[in-house]
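**Student:** what's the 3D shape of this:
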Amino acid sequence: MGIYERWIFPRLLDWTMRNADLAAYRQRLIPLARGQVLEVGIGSGLNLPLYGSEVERVVGIEPSPELLLRAGRLVSRSHFAVHFIRASAEAIPVRDQAVDTVVMTWTLCSIAEPLKALKEMRRVLKPSGELLFVEHGLAPEARIKNWQHRLDPLWTRISCHLDRPVDKLIGEAGFRMADLKTAYLRRGPKPMTFMYEGRARPIGPGNDGAHWTADG
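**Tutor:** Alright, predicted model coming up:
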């Protein structure tokens, strides 16, 4: 791991994720978590203060030791148990069907094998569990898509992927959408700011209904 990946990128990511335009997404999504929670890509722990009273424990996985160190500074403020694991999302060290809620916020774009990671999230979720997510990804308009495809090879060198079809990947991993909203951020270049926000449940008995909404 080079100097950029180990030291510069974690600081840049922490600064970027503190963007005020992202706060509303966190404030809507994170309080929906309940029970035993797995946060994939917990980063510097910015979601920790937003978990509600129905959360019993949060297990956060994150490959960056620098970001986990930053997240550890927030643990003392939590009203629930917190446990960190340095691991990748493609191989989650949690037993099958052990988790009530999986949380994923602006994480999928940086995972090398997103479909494999989502299948791991489905594996650890209870049949009654829920995936809560907000991600940026592939836009609906052809002009913006084309720019995303053009920029992606360069953008991944300094940040993450721009053109991942988040809803399609979640569906292919064995989830059914319970709710989905899509829209651009109010500010910022459109190729970088098309957002997917929603909830998904593992496909199986009792989880076959779907509710779909889209904005923007």
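**Student:** the helices in the chain, which residues?
**Tutor:** In order along the chain, the chain carries the following helices (DSSP state H): 3, 9-17, 20-29, 65-72, 114-124, 142-158, 166-172.
**Student:** got the CA positions of the last one in PDB?
**Tutor:** Output for helix 166-172, consisting of C-alpha atoms alone and laid out as PDB, is shown next (Å, rounded to 0.1, in the frame of the first residue of the first chain):
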ATOM      1  CA  VAL A 166     -26.400   0.400  -8.100                       C
ATOM      2  CA  ASP A 167     -30.000  -0.800  -8.400                       C
ATOM      3  CA  LYS A 168     -29.200  -3.500 -10.900                       C
ATOM      4  CA  LEU A 169     -26.200  -4.800  -8.900                       C
ATOM      5  CA  ILE A 170     -28.400  -5.000  -5.700                       C
ATOM      6  CA  GLY A 171     -31.000  -7.000  -7.600                       C
ATOM      7  CA  GLU A 172     -28.500  -9.300  -9.100                       C
END
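**Student:** Tell me which residues are up against that helix.
**Tutor:** Residues outside helix 166-172 that contact it (CB atoms under 8 Å, 6 or more residues apart in numbering) are 108, 114-115, 118, 131, 133, 135, 137-138, 177, 180, 182, 196, 200. Any C-beta I mention is one placed from the backbone N, CA and C, and that applies to glycine too.
**Student:** coming back round to it: out of the helices of the chain, which is the most enclosed?
**Tutor:** helix 114-124 (a mean of 21; mean count of other CB atoms under 10 Å).
**Student:** G52 contacts G35, correct?
**Tutor:** No - G52 is beyond contact range of G35, at 11.1 Å (criterion: CB atoms under 8 Å).
**Student:** What residues sit buried inside the top strand by length along the chain?
**Tutor:** Of all segments of type strand in the chain, defined using DSSP state E, the longest is strand 125-136. Of the residues in strand 125-136, those with enough neighbours to count as buried (16 or more other CB atoms under 10 Å) are 125, 129-136.
**Student:** Show me the two of the contacts of helix 166-172 that sit farthest apart.
**Tutor:** Greatest spatial distance among those (CB to CB): L115 and T182, at 19.8 Å.
**Student:** Next, the angle helix 142-158 makes with the longest strand of the chain.
**Tutor:** 100 degrees (axes from the mean of the first three to the mean of the last three CA atoms, to 10 degrees).
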